[in-house]
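Engineer: just coords:
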């Protein structure tokens, strides 16, 4: 095929040069000029052909050539015309046979450019006509889904091109809708803009649309929410193309249209990181991530890897989870020194050996027990993992000269009503005590629930929906703050980079979300109807849970940082000896399994805590109450 292109291009270049001479002499070329033309044609055509090769024209795929490739053809025309002009202007008259007339140079350059580019456009036209015939033939034997694209911008054009170009696709693009009224009635890539998003109900009905695809490159969560509400009122299935930056980076294809997810409509906007500060914090350093196989730990590892650390130490006690994240990072970052370390943070001897071997400079401590009702049944394990292991790891960090130690904390540490929340609050006090003893910068970062993390509510809802329901909600007024996993981890790293030691950073979690509304959204986004296709029932508030979570206590003074989503809660640290005594007491109680005494002791240590000292050590399984009336 490439050889045929060479022959066709040479034929076009030869004929355009002759035609330029014909135009120059009004189609009556004098005899002496014919001889001169024949003398010049060989080197002129050779120059133009070499220029096409030099700019990479022959690496283009014919059927994809468009306006974007015309720059290469213009460059080739300039490269070939320049030496002809120099010869014409600099060679003396006795070399007149080599001197191409100026008018011929200009005419030939334009005609040659248009000719070789036109060949490729013609090839694309023929290819697309052939593909349309194939799609028409296919549509006669297989039903295709009629779709509307929301957004006639760049992302929409990319999506339209790929949908139209897939002969074996099951989508039939009917048109665009766009809220820019100036675009209404216009044609984009052969597809008409039919109206605005407010016209969707009418268009879906009149055109028998199967589903609507959001193709807005920078759609906000508010846009997604509005689109979901409009489409749900019709009703029609709503889907979304990948983010434009993912498409342009080659991570995904435009045609990989996916369902709209809860993460799209939660109201969380993209995080803007201080890339320079993050680079100074992580680049070229040895970074340890504990709990690296978990939802937060694995995403922390992915985010850290972007900033080119000298070594990335993945500490995880679950072998298979460690294997998964290590393999993923090795594939995504082949030049990264990624070291998987099977270890339990509660094992001080093992952790000391790792610090001695690798000397981490930054420790991101994500290893923890986090499931609130489960920790009510396992208080001693919560103390050992969330408090004692944190203190031990922090102490090792100080002894081995770690620059920054970052503790992942939680909103449940505020006025804790659960063992998990109280354990995290004591862990905060522990690292504040360590900050008084060592030069290491110890900081804690509080954030709320993370959408999609292992054991969180959304995966449970999805599983219940797959199983046909019902979806269980503990209480109709239960509310929680939510973040996406990437947002939480990025802000944790930014806070760690900003910390000077002793701070408890509090992330801006936005507005709390009612869990009942989250359950309804999850059902709707699955293409089903709450209370009709899938029921919702109340199971009762579980031991240790609160209806509303908080982020600061009265004694805390909130102050802004230079990042709009990160705040500092300055808490007066407990006296050094009191914290040390408390940790020793908790170690004794945990070792002896005295869960009742642990609860009593935590209530005394933390005046704001409200743990149930007589709580039964099992998850509440009260009779379920249907939520249909809500």
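Structural biologist: That came through, no problem. Note that this is a predicted model, so its numbers are computed, not measured.

Engineer: chain center to the helix ranked longest in the chain: distance?
Structural biologist: Longest helix in the chain, counting residues (DSSP state H): helix 102-139. Distance, stretch centre to chain centre, for helix 102-139: 38 Å (Cα atoms, centre = their mean, to the nearest Å).

Engineer: mind listing what's buried in that helix?
Structural biologist: Using 16 or more other Cβ atoms under 10 Å as the test for burial, helix 102-139 gives 104-105, 107-109, 111-113, 115-117, 119-121, 123-124, 135. C-beta here means a position set from N, CA and C on the backbone, and glycine is covered the same way.

Engineer: That one: what's the following helix or strand?
Structural biologist: As assigned by DSSP states H and E, the chain's next helix or strand after helix 102-139 is strand 145-150.

Engineer: Give the rounded mean pLDDT of that next one.
Structural biologist: Taken as a whole, strand 145-150 has an average pLDDT of 82.

Engineer: and for it, what are the contacting residues?
Structural biologist: The list of residues contacting strand 145-150 from outside it, by Cβ atoms under 8 Å, 6 or more residues apart in numbering, reads 156, 159-160, 163, 170-178, 191, 194, 197, 200, 203-204, 207-216, 227.

Engineer: Keep only those of those residues that are in strands.
Structural biologist: Judged by DSSP state E, these include 171-177, 191, 194, 211-214 as members of strands.

Engineer: And those residues, which two are furthest apart?
Structural biologist: With Cβ to Cβ as the measure, no two of those lie farther apart than 172 and 214, at 17.6 Å.

Engineer: okay, these two: which has more neighbours?
Structural biologist: residue 214 (25 against 16; other Cβ atoms under 10 Å).

Engineer: Show me what the more buried one is bridged to.
Structural biologist: Going by DSSP bridges, residue 214 is paired in beta bridges with residue 150, residue 240.

Engineer: Let me know the pLDDT of it.
Structural biologist: pLDDT at residue 214 comes out at 79.

Engineer: measure it to residue 237 for me?
Structural biologist: Noted for residue 214: a distance of 12 Å to residue 237, by Cβ to Cβ, to the nearest Å.

Engineer: for residue 496, same thing?
Structural biologist: On the measure of Cβ to Cβ, residue 496 and residue 237 end up 41 Å apart.

Engineer: okay, the two: which has more neighbours?
Structural biologist: residue 496 (24 against 18).

Engineer: Go ahead and confirm the more buried one touches residue 442.
Structural biologist: No. Counting by Cβ atoms under 8 Å, residue 496 does not reach residue 442; the two are 10.4 Å apart.

Engineer: shared neighbours, those two?
Structural biologist: By Cβ under 8 Å, 6+ apart, no residue touches both residue 496 and residue 442.

Engineer: per-residue confidence at residue 39?
Structural biologist: 80.

Engineer: so which strand or helix has it?
Structural biologist: Going by DSSP H and E, residue 39 is part of helix 31-54.

Engineer: Report the buried residues of that helix.
Structural biologist: Those buried within helix 31-54 under the rule 16+ other Cβ under 10 Å are 36-37, 40-41, 44-45, 47-49, 51-52.

Engineer: Redo those residues as TSV? Include distance to residue 294.
Structural biologist: Shown next, in TSV, are those (distance: Cβ to Cβ, whole Å):
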residue	distance to residue 294
36	79
37	76
40	73
41	72
44	68
45	66
47	63
48	62
49	60
51	57
52	55
